[in-house]
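K.L.:
any chance you can model this:
(chains A and B)
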Amino acid sequence: MNTGTAKWQRNVFIAAFIIPTLVFFGIFTIYPVIQGLYYSFFDWSGMSSNKTFVGFDNFKEMYHDPIVWRAIGNDYFLVAGKVIGIMAIATFFAVALTRFGFKMAGFFRSIFFIPNVISVVVIGVLWNFIYNPQIGFLNAFLSLFTKDQVTITWLGFTNHTIWMLLPPAIWAGIGFYMILLIAAIQSIPASYYEAASLEGAGQWKQFRNITVPLVWEQIKVSILNIMMTTLNGSFVIVWIMTEGGPDNSTQVMGSYLYQMAFRQYHFGYGASIGFIILVLSLITTIILQRLMRHETVEMS
Amino acid sequence: MKLGNLNPITKLICYVILFAWGISVLYPLLWTLLDALKNNEQFFLNAPWSLPEFPLLWENFSYVWNTYNFGTYFVNSLVVTAGSTGLGLLLSATTAYVLARYKFKGSNALYLLYISSMMIPFVLALIPLFFLLNSMNLINTKPGLIVVYASSVLAFGIFVLVGFFKSLPKELEEAAIVDGASHFGTFFKVMLPLSQPGLITIAIVNILNIWNEYIVGTILVNDPAQYTLPVELGVMQAEMQYRTEWGPLFAGLFITIVPVLVIYIFFQRQIASGITAGAVK
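P.N.:
Just a heads-up that it's a prediction; the model follows:
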C-alpha cells in the first residue's frame, strides 16, 4: 500500500467522523444562537412578513422597562442566595462525610443526591404543595403552634415571594456540588491531615488550612457553575411555582423571555432579553474569575 | 479514619443535621406515593402528613394513566429520551475519538468550539429553534425533540469522551492496525467496546437530563398528544386552579420520578463520575 492511499483513507475516516456531528451541531446549536443575537435587532411578532429592523430600539426599550431591571435583580438575588446557601451546606456535608469518619457516610451521600435526578418540574410542584395556603405543609405545621388555622399565601407577596424560591433551589442543588467537593477532598493525600493532626491541629484548622486551599479550584468551578445554571435555568422553577408573579415580582430574565416571546409574541424583544442574559453571564464569569483568582494552591 | 479531635457534642449535632437533611429528601418521595393514594376530601380535611385512609385509592394511578394520558406521555418521554441519547452518543463518540487520537488542521479549534459552547446560555437559542423546527415541520414531533436534545448533549459528551479516549493505551490501536484493521474497523471493533464505561457514564447523565427536561419540551410541543411527562405535569399543575385533582397529580409525579430513581439506584457510580468528569472544565 502506498502512503498516498493510506493518507487518503485517513482523511476519509476523519471527515466521516467529524462532519456529521459538526453539521448537526451547526444546525441545531450554533445557528440558533447566532439567529438569536440577530433577532434581537428586530421588532417581530413571529410572522415573517412583519419583521422590521429596529437597531438597538429593543435594548433602549429594555432600559426603560422596570420589569427587566426587576428580573435582573431577581436573577442576581437567586445567584447570591444559591451560592451562599449551596456552598455552605454542600461544603459542610462534603467535609462531614469525608473527614469526620461518620458511619453511613455512603448512605447519606446517596440520599442527598436524589433531588438532582428529579425533574425541576416535579420539585416545583412538590414545593408548591408545601407552600399551598389551604392544604400545604408549612401552614399546617405552623398551625400546630397557634389557636387559629394559619392561612398564609406564601407565594402571594410581591415583596417576599422571591425568597420562597430559594429553599427549593438550594435543596435541589446540594447533592451535585457535594459530590464534586467530596471527590476533590478525597484526592487530598491523607498524609497531609495526619501531619496536621500530629501537630495538634483540630478539625477546624485542618479544614481552613488544608481542605479549603486544596479544593479551591472545585469551589471556584462550583460557584461559576451555580451562577451559570441560575442565570440560564431559574426559568423552570420560577415558571412552575409562580409564573413570574405576583405582579412580575418573581420574574427572572429567562421567564420574561419566555413570556414576551411565547405568550405575547414579541419575539424580537424576547431575543434581546436572551442577548442580555448572554452578556450578563459572560461579564459575571469574568468578574467572578478575577475575584477568585489568586487563591489557588497546587497540590505538590 | 479516626474521628479523633471531634468532640461528642459536635458529632451529635452533625448527625442530627445529616439525618434531618436525609429525611427532607426521602420524606417528599414517600409522601408523593402516599398522597397519590388519597382523595380530595382527605387532602382538605386531614393534615398533609396524615396517612391515606383505607381503602387506598390505587385507581388514581390508572385514572391518571388513562384519563390524563400519562401512558402516552410515558411512551413519548421514553422514545424521545432513548432516541436523543442514542443519537447524541453516536455523534459525540465518533467526533471525540478523532479529536483524541488524530492530529489534523483545525482539530484544536474544533475541540474549543464544542467546549466553549457549554458557556453559552441555551435560552438564547430558544426562539430561533422554535422557528427553525417550525420551518422543518418538526414542531410537535418526537424527531424534533430528539434532534434538539441530541445536539444539546454533544458538547458534554465530546468533552468527557475525548478525555476517556486519550486515557486508553495507544498500543491497542497500533496492534489493530498491524493486524490490518482499517480506521473504521479499529474504532468499531477495538476502541468503542473499550470505551464502554465512558459511554455508559454519558448515557446515564444524558438520560436523566433529557427525561427531566422541561423548557425545550414546552416550547417545541404544544400538541397534547406529543407532550413529554414534565410538560404534562406543568400543564396539569396549572390546571389545578380550576380542577383540583390532587391524588392524580401526585400519582403523575410518582410515575415521572420512578424511572429516574431506578436508574439512579443502579448507576450511582457512573453518575458521580460523570459529574466529576464534566465539572472540571
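
K.L.:
report how many residues lie close to residue A:15.
P.N.:
By other C-beta atoms under 10 Å in any protein chain shown, the residues close to residue A:15 number 13. Backbone N, C-alpha and C define where each C-beta goes, glycine included.

K.L.:
do the same with residue A:289
P.N.:
Neighbours of residue A:289 (other C-beta under 10 Å): 12.

K.L.:
what's the distance between the closest residue to it other than its chain neighbours and residue A:288?
P.N.:
Spatially, and ignoring its direct neighbours in sequence, residue A:289 is nearest to residue A:224 (7.2 Å; C-beta to C-beta, 6 or more residues apart in numbering or on different chains). Distance of residue A:224 to residue A:288, given as C-beta to C-beta, to the nearest Å: 6 Å.

K.L.:
more neighbours: which of the two?
P.N.:
Shown here are residue A:224 and residue A:288; by other C-beta under 10 Å, residue A:224 has more neighbours (20 against 17).

K.L.:
need the residues of the stretch 151-281 of chain B near chain A, please.
P.N.:
B:151-152, B:154, B:158, B:182-184, B:187, B:208, B:211-215, B:219, B:229-230, B:233-234, B:237, B:246, B:249, B:253, B:256-257, B:260-261, B:263-264, B:268, B:271-272, B:275-276, B:279-281 (C-beta under 8 Å from any C-beta of the partner chain).

K.L.:
those residues in helices, which ones?
P.N.:
B:151-152, B:154, B:158, B:183-184, B:208, B:211-212, B:215, B:219, B:229-230, B:233-234, B:237, B:246, B:249, B:253, B:256-257, B:260-261, B:263-264, B:268, B:271-272, B:275-276, B:279 (DSSP state H).

K.L.:
show me the shaky parts of the stretch 151-300 of chain A.
P.N.:
By pLDDT under 70, the weakly predicted segments of the stretch 151-300 of chain A are A:294-300.

K.L.:
residues in contact with the residue nearest to residue A:289?
P.N.:
A:285, A:288, A:289 (C-beta atoms under 8 Å, 6 or more residues apart in numbering or on different chains).

K.L.:
wait, which of the residues you listed is closest to chain B?
P.N.:
Using C-beta to the nearest C-beta, residue A:285 comes nearest to chain B of these, at 7.3 Å.

K.L.:
buried residues, stretch A:137-156. List them.
P.N.:
Neighbour-count burial for stretch A:137-156, counted by 16 or more other C-beta atoms under 10 Å in any protein chain shown, picks out A:137, A:138, A:139, A:140, A:154, A:155.

K.L.:
mind putting those in JSON lines, secondary structure included?
P.N.:
Compiled in JSON lines, those are given as follows (DSSP: H, G, I helix; E, B strand; the rest coil):
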{"residue": "A:137", "secondary structure": "helix"}
{"residue": "A:138", "secondary structure": "helix"}
{"residue": "A:139", "secondary structure": "helix"}
{"residue": "A:140", "secondary structure": "helix"}
{"residue": "A:154", "secondary structure": "coil"}
{"residue": "A:155", "secondary structure": "coil"}
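
K.L.:
would you reformat these as TSV and include distance to chain B?
P.N.:
Listed next are the buried residues of stretch A:137-156 as TSV, based on distance: C-beta to the nearest C-beta, whole Å:
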residue	distance to chain B
A:137	5
A:138	9
A:139	9
A:140	5
A:154	14
A:155	13
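
K.L.:
which pair in these spans the largest distance?
P.N.:
Within the buried residues of stretch A:137-156, two members stand farthest from each other by C-beta to C-beta: A:140 and A:155, at 16.1 Å.

K.L.:
thought residue A:150 was touching residue A:134?
P.N.:
No: taking contacts as C-beta atoms under 8 Å, residue A:150 lies outside contact range of residue A:134: 10.8 Å.

K.L.:
re the thing from before, out of the residues of the stretch 151-281 of chain B next to chain A, which are buried?
P.N.:
Buried by 16+ other C-beta under 10 Å: B:151-152, B:154, B:158, B:183, B:187, B:208, B:211-215, B:219, B:229-230, B:233-234, B:237, B:246, B:249, B:253, B:256-257, B:260, B:263-264, B:268, B:271-272, B:275-276, B:279, out of those.

K.L.:
which SSE is the residue nearest the centre of chain A in?
P.N.:
Residue closest to the average C-alpha location in chain A (C-alpha atoms, centre = their mean): residue A:229, at 2.4 Å. For residue A:229, the host element (DSSP states H and E) is helix A:216-241.

K.L.:
mind listing the strands for chain A?
P.N.:
Ranges of strands within chain A are A:42-43, A:52-53, based on DSSP state E.

K.L.:
actually the stretch 51-200 of chain B, not the one I typed
P.N.:
Along the stretch 51-200 of chain B, counting by DSSP state E, counting those that start in this stretch, no stretch forms strands.
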